[in-house]
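Undergrad: Give me coordinates for this.
(chains A and B)
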2 protein chains.
Amino acid sequence: MRELELIAGLERVLAPGGPRVVRWLGDDAAVVRSRGYAVTSLDTMTEGVHFRRGQLTPAEIGGRACAAALSDLAAMAAEPGEAYLSLGLPAGTQVDEATELATGVQGVAARFGVTVAGGDVTAARALTISVTVVGWATDPGELVGRDGARPGDVVVVTGTLGGAGAGLARLEGRAADTTLSEPVAAELRRRYATPEPRLAAGRALSTLGATAMIDISDGLATDARHLGLAGGVEIALQSDRLPLTPGVREVASALRQDPGGFALSAGEDFELCACLPAAMADRTTAAGVTVTAVGHVVAGPAGVTIDGGRSELAGYEHSL
Amino acid sequence: MRELELIAGLERVLAPGGPRVVRWLGDDAAVVRSRGYAVTSLDTMTEGVHFRRGQLTPAEIGGRACAAALSDLAAMAAEPGEAYLSLGLPAGTQVDEATELATGVQGVAARFGVTVAGGDVTAARALTISVTVVGWATDPGELVGRDGARPGDVVVVTGTLGGAGAGLARLEGRAADTTLSEPVAAELRRRYATPEPRLAAGRALSTLGATAMIDISDGLATDARHLGLAGGVEIALQSDRLPLTPGVREVASALRQDPGGFALSAGEDFELCACLPAAMADRTTAAGVTVTAVGHVVAGPAGVTIDGGRSELAGYEHSL
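TA: Below you'll find the predicted structure:
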């Protein structure tokens, strides 16, 4: 690959950002005017582990990595600021494919007012895309960690669950004999290919007094357990309350799985799971966020229970 | 690998940091009290491209990735603050190896007062270590970019050049018939295996009024060209002025290369190349930094010349 052509292509795609960016691509580091508290997370996806090139377009791969990183900021209720992109490109990668990856990152970033302020490109054995995102908060009290859940809180999730997992199962041909309408099938693919970081919902839930919050990247059972362990409480989930994405029931059935169990363990929905004081749980609609109550917080052994039983459902990836 | 054991090991190794870190490992994102301007860079190294496991210990691989990232902050004259670590581990990686990698990162970070404030661990096809570093500046005028070189400036480098490249050549067995004394050989290996980010030197050069600065990661010829192109000036280097690391002459000779040419194109020394107003070039010792003048800045076609001739010497990697 012609490196200079590649870099010129990337610089064309990554539109320079807002008034807070002092130095941008092309220097040793990016320089950004800061505010109060920096909230930083990074997310790495590599081919053959987190995606396959045949299943997603390069723009989808890039956008998905950016969305996954921003989802961590959503879970903290941080205001998103900048993203930094690291591309690891195997020999033979075309310039067009690399710039399309960056286009995907830029597209998701721009939709949330995020500037791609820097990054690097290196050779790699497998296509690897790593996105570091930085959000800002003027008061750390606005941010929501994993550790504040209290007995009596209601456990809510945004959106619907299982859609990304069902979309992936279909992409992989594991649910070939499912009959779904065209819009339902398209939406399942979309849930996997172009997930939406719930930034506005995260901030609304913070305003409502969320005591603990996490994004659902490894499956609700695994991620809710993190809240239980961090808070020293039991997160009691009810599987019949889960808001299933349309089509999940049919895909789970084709995979001979219980739909609730499928939605509890399927990852990458990038919805939020939050614990809310009970008094606030019915004010969510007024706050502009649609959630479903899926359980409650009780005093008990730290962790998660499902329908009253302790769960050892494993997600497919743990993050540090 | 047992994920929970791995994460427990990493949390043991990555000592929690100073008073500015509000939230650390174990949440969706790290939260750090900010100051003025955030200076951010990231650096990714992957096995088979940037290192080989047989040539370096896991701690050296980790430390080197951290040093390479911090070197970008040195080149900006930023005060280092936090690091974020992303580990991509192939199947079969032992917990001990992963924690040793993190120990290497932590060791270099701690020596420079840097807190490893967060990160993630994922599966990968090849061992990949990505370090994002954040530095801070209260006044952006303290920071030195690549674009300010002016005709009349003196071009200086810190330390010595070619040592990392010579060390790598020996590790790869490409200079097998070189006879070097034990300390010289050990120092060449050290220059490759445990490079030193020149953070104090970068800040001293900023104080002296450095107009442009870059770290030498791709070889002086390539990196000086970046300064020429960014500043619209000619960087005129003199190859007989280069401060060669002891042993480089012998290794270059074994490789049938000119020592100056070898030192100009060998990468990963992580020294700094800066342009200084001529009046300041002899005050460096007083400012506590040892440099060697290797050329000067002239009005001319933007780029680099070596001994008066335009150079097309290629480095082995370009960074975005």
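Undergrad: what does the model give residue A:17 for pLDDT?
TA: For residue A:17, the model assigns a pLDDT of 69.
Undergrad: what comes up buried for stretch A:200-216?
TA: Neighbour-count burial for stretch A:200-216, with 16 or more other CB atoms under 10 Å in any protein chain shown as criterion, is recorded at A:201-206, A:208-216. No exception for glycine: its C-beta is placed from N, CA and C like everyone else's.
Undergrad: brain fart, stretch A:7-24
TA: Going by neighbour count (16+ other CB under 10 Å), the buried part of stretch A:7-24 is A:7, A:9-11, A:13-14, A:17, A:20-24.
Undergrad: before we move on, back to that, keep the buried residues of stretch A:200-216, but drop any that are not near chain B.
TA: With CB under 8 Å from any CB of the partner chain as the criterion, those include A:213-215 near chain B.
Undergrad: would you put the C-alpha positions of stretch A:24-35 in PDB?
TA: Extracted in PDB, the C-alpha atoms of stretch A:24-35 (Å, rounded to 0.1, in the frame of the first residue of the first chain):
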ATOM      1  CA  TRP A  24      -4.900  17.800  15.000                       C
ATOM      2  CA  LEU A  25      -3.700  15.100  12.700                       C
ATOM      3  CA  GLY A  26      -0.100  15.500  11.400                       C
ATOM      4  CA  ASP A  27       1.600  16.300  14.700                       C
ATOM      5  CA  ASP A  28       3.100  14.000  17.300                       C
ATOM      6  CA  ALA A  29       0.000  14.300  19.400                       C
ATOM      7  CA  ALA A  30      -3.400  16.000  19.300                       C
ATOM      8  CA  VAL A  31      -4.000  19.000  21.500                       C
ATOM      9  CA  VAL A  32      -7.500  19.700  22.800                       C
ATOM     10  CA  ARG A  33      -8.800  22.300  25.200                       C
ATOM     11  CA  SER A  34     -10.100  20.400  28.200                       C
ATOM     12  CA  ARG A  35     -13.000  20.800  30.600                       C
END
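Undergrad: Check whether that stretch comes near chain B.
TA: Yes. Using CB under 8 Å from any CB, stretch A:24-35 comes into contact with chain B via A:25-35.
Undergrad: Tell me which two of those residues sit farthest apart.
TA: A:26 and A:35 (24.4 Å; CB to CB).
Undergrad: What parts of the stretch 51-200 of chain A come near chain B?
TA: The stretch 51-200 of chain A has residues A:72-73, A:75-76, A:78, A:82, A:84-88, A:117-126, A:128, A:130, A:132, A:134-137, A:140, A:143, A:145-147 near chain B, with proximity defined as CB under 8 Å from any CB.
Undergrad: Can you go through the residues you listed and name the buried ones?
TA: Burial by neighbour count, judged by 16+ other CB under 10 Å, picks out A:72-73, A:75-76, A:78, A:82, A:84-88, A:117-126, A:128, A:130, A:132, A:134-137, A:143, A:145-147 from those.
Undergrad: which ones among these are found in strands?
TA: Secondary structure defined by DSSP state E assigns A:82, A:84-88, A:117-123, A:128, A:130, A:132, A:134-137 of these to strands.
Undergrad: Please report the number of neighbouring residues for the nearest residue to residue A:172 once chain neighbours are set aside.
TA: Take residue A:172 and drop its neighbours on the chain: the residue closest to it by CB to CB, 6 or more residues apart in numbering or on different chains is residue A:55, 7.5 Å away. Number of residues near residue A:55 (other CB atoms under 10 Å in any protein chain shown) recorded here: 16.
Undergrad: now residue A:55: how far from chain B?
TA: In this view, residue A:55 and chain B are 16 Å apart by CB to the nearest CB, to the nearest Å.
Undergrad: helix or strand for that residue, which one?
TA: Using DSSP states H and E, residue A:55 sits within no helix or strand.
Undergrad: doesn't residue A:170 make contact with it?
TA: No. In this structure, residue A:55 is not within contact of residue A:170 by CB atoms under 8 Å, at 10.0 Å.
Undergrad: need the contact list for residue A:135.
TA: Residue A:135 is in contact with A:38-40, A:73, A:76, A:78-81, B:29, counting by CB atoms under 8 Å, 6 or more residues apart in numbering or on different chains.
Undergrad: where do the helices sit along chain A?
TA: For chain A, the helices defined by DSSP state H cover A:3-13, A:58-76, A:95-111, A:163-171, A:182-193, A:199-207, A:220-231, A:248-254, A:259-265.
Undergrad: Fine by me, thanks again.
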